[in-house]
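S.K.: Mind looking at a prediction? Sequence and model below.
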Amino acid sequence: FSALADVLKVSNAKNEVADIMTYMTGVDPREEELTAEQQQLPGPARCFGLLYSGERAIEVIRAKLGDTNPNEAVAGSVRSDYGKDVMRNGAHASDAVDRAMVERRIVGLVGNEPSEEVEIINKYLETASRKDR
């Protein structure tokens, strides 16, 4: 049984990772064999990143977002208004400074190094400010 469990464990782990990748990117790696070049292109899934700073920033923003479970979130919070379930809850916020740094590195929000995300946000803000004029 142990050998069979090891085989199934690896297969299940690969399937779980593929499910997460599909959810996060909109591309199912089990259905599409992507080249290294294609893997660098944006997928159909989109998100918007904000970097909050200040005293008690993590505590404050997490309170605005509401409980992770939209069904338990306070009415009027981001998750109660836009969340669907625990996995698709409308927003993510780091729960600690060290996690925030890890997550910032992943999406390119550390220091002044070039970042596709920062460019997208800046273009959006420029467009929005022109519309307000």
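M.R.: Sure, I can see it.
S.K.: secondary structure class for Ala13?
M.R.: Look at Ala13: counting by DSSP: H, G, I helix; E, B strand; the rest coil, its state is helix.
S.K.: Tell me, how many residues neighbour Asp63?
M.R.: No, residue 63 isn't Asp; it's Ala. Residue neighbour count, defined by other Cβ atoms under 10 Å, stands at 13 for Ala63. The way it works is simple: take the backbone N, C-alpha and C, and place the C-beta from them, glycine included.
S.K.: Figure out the helix or strand that Asn69 lives in.
M.R.: For Asn69, there is no helix or strand it lies in under DSSP states H and E.
S.K.: what about Thr68, distance to Val78?
M.R.: Distance of Thr68 to Val78, given as Cβ to Cβ, to the nearest Å: 11 Å.
S.K.: just Ile61 next, same as before
M.R.: Distance, Ile61 to Val78, using Cβ to Cβ: 9 Å.
S.K.: How is the chain divided into domains?
M.R.: Domain assignment of the chain by automatic domain parsing yields the ranges 1-45, 47-133.
S.K.: Looking at those domains, which one is packed in the most?
M.R.: Comparing the domains of the chain by mean neighbour count (mean count of other Cβ atoms under 10 Å), domain 47-133 comes out on top with a mean of 13.
S.K.: any weak-confidence spans in the protein?
M.R.: Within the chain, the ranges that satisfy pLDDT under 70 run 24, 45, 113-115, 117-118, 128-129, 131-133.
S.K.: those helices in it, which residues are they?
M.R.: With helices called from DSSP state H, the chain shows them at 2-25, 36-39, 57-65, 78-82, 97-107, 116-132.
S.K.: As JSON lines, those helices with distance to Cys47 would be great.
M.R.: What follows is the helices of the chain, written out as JSON lines (distance: least, Cβ to Cβ, whole Å):
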{"stretch": "helix 2-25", "distance to Cys47": "9"}
{"stretch": "helix 36-39", "distance to Cys47": "18"}
{"stretch": "helix 57-65", "distance to Cys47": "14"}
{"stretch": "helix 78-82", "distance to Cys47": "13"}
{"stretch": "helix 97-107", "distance to Cys47": "9"}
{"stretch": "helix 116-132", "distance to Cys47": "9"}
